[in-house]
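**Q** Predicted model, plus sequence, below.
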Amino acid sequence: MKKAKKTILGVHVAQRTKHTAKVQQILSDYGCSIRTRLGLHEADDNVCSPNGLILLEVVSRAGALAQALAKVPGVTVKKMVFGE
């Protein structure tokens, strides 16, 4: 039996409050390709980090999604593939 590949995109968003709308629009456009989405940023009572990290488990169109996100200023995308 062939193991299914798992593709994870790590998306670093600098100045996340400035780029939130564009990043969210892209994620919505590719919503049917995203199985899992986890957003991380440092936050407590006194601090809310200007940068954020989004981890995406992608089931299809990972390359196109990564390219679309990378076009947004301040966004860096890294790809991990497991099960190759």
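**A** Structure's in. What do you need? Numbering: from 1, shown residues only.

**Q** got a list of contacts for the longest helix anywhere in the chain?
**A** Assignment by DSSP state H gives helix 16-29 as the longest helix of the chain. By C-beta atoms under 8 Å, 6 or more residues apart in numbering, the surrounding residues in contact with helix 16-29 are 11, 13, 34, 37, 41, 49-52, 54, 56, 65, 68-69, 72-75. All C-beta atoms are positioned from the backbone trio N, CA, C, and that covers glycine.

**Q** make it 7 Å
**A** 13, 34, 41, 50-52, 68-69, 72-75 (C-beta atoms under 7 Å, 6 or more residues apart in numbering).

**Q** So how do I select the buried members of those residues in ChimeraX?
**A** Buried residues among the contacts of helix 16-29 (16 or more other C-beta atoms under 10 Å), as a ChimeraX selection:
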select :13,34,52,68,69,72,75
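
**Q** Next SSE downstream of the longest helix of the chain?
**A** With elements assigned by DSSP states H and E, the helix or strand that comes after helix 16-29 is strand 34-40.

**Q** Nice, that's everything, thank you.
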